[in-house]
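K.L.:
Structure for the following, please:
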Amino acid sequence: HSVVRNALFCLEMAAEKEESHVYTKALLAYTFALAGKEEKRNAFLGSLEKEAVKKDGSVHWQRPGKEPEGDLPYYRSRAPSAEVEMTAYVLLAQLAARPAPSQEELSFASLIAKWIIRQQNPSGGFSSTQVSYFLP
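P.N.:
Below is the predicted model:
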């Protein structure tokens, strides 16, 4: 469809003009993966890998400028919901390779999934990225 083609063209142009925020890169990597634009997907994933936080046998992404977490025994805080969301988009982009993800991509994806699983709350869910507003 011409609308989708024009939207992808607009995203491609915007992505080339300026340095993107890590969250934007994650979204664009997944968008281009779904669109079958493997070269652009791979470029964003390569850039994202350089910004990845690799810790405790897992991989995730966080907001730029975030203070590193202190190591506290017996306590592990969960990441903010936006970081869970952007890391999940990177995972989706990894797994959306065409024709199929390579063994290397699957291995990396498992490290991402490991971190996401650690962010689950006791009920098995995740904190919400949606904000509710109540009218008085």
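K.L.:
only C-alpha atoms for contact and neighbour calcs from this point on.
P.N.:
Noted.
K.L.:
show me where this structure has helices.
P.N.:
Secondary structure of the chain by DSSP state H: the helices cover 2-17, 22-34, 38-51, 81-95, 103-118.
K.L.:
Buried residues in the lowest-mean-pLDDT helix or strand in the chain, which are they?
P.N.:
None of the helices or strands of the chain scores lower by mean pLDDT, DSSP states H and E than helix 2-17, at a mean of 88. Going by neighbour count (16 or more other Cα atoms under 10 Å), the buried part of helix 2-17 is 8, 15.
K.L.:
now do stretch 102-114
P.N.:
108-113.
K.L.:
so which of these comes closest to Val3?
P.N.:
Set against Val3, the nearest of the buried residues of stretch 102-114 by Cα to Cα is Ala109 (31.7 Å).
K.L.:
Might you report the residue contacts of the closest one?
P.N.:
The contact partners of Ala109, taken as Cα atoms under 8 Å, 6 or more residues apart in numbering, are 91, 94-95.
K.L.:
Repeat that for Asn121.
P.N.:
Ser127.
K.L.:
From Leu11, how far out is it?
P.N.:
Separation of Asn121 from Leu11 (Cα to Cα, to the nearest Å): 35 Å.
K.L.:
just Ala100 next, same as before
P.N.:
Taking Cα to Cα, one finds Ala100 at 24 Å from Leu11.
K.L.:
same deal with Ala109?
P.N.:
For Ala109 relative to Leu11 (Cα to Cα), the value is 25 Å.
K.L.:
now Glu83
P.N.:
For Glu83, the distance to Leu11 - Cα to Cα - is 22 Å.
K.L.:
what's the answer for Gln119, then?
P.N.:
In terms of Cα to Cα, Gln119 sits 31 Å off from Leu11.
K.L.:
Ala43 too?
P.N.:
On the measure of Cα to Cα, Ala43 and Leu11 end up 14 Å apart.
K.L.:
circling back: now the buried residues of stretch 102-114 as a markdown table including pLDDT and distance to Thr24?
P.N.:
Converted to a markdown table, the buried residues of stretch 102-114 look like this (pLDDT from 0 to 100; distance: Cα to Cα, whole Å):
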| residue | pLDDT | distance to Thr24 |
| --- | --- | --- |
| Phe108 | 97 | 20 |
| Ala109 | 97 | 19 |
| Ser110 | 97 | 22 |
| Leu111 | 98 | 21 |
| Ile112 | 98 | 18 |
| Ala113 | 97 | 20 |
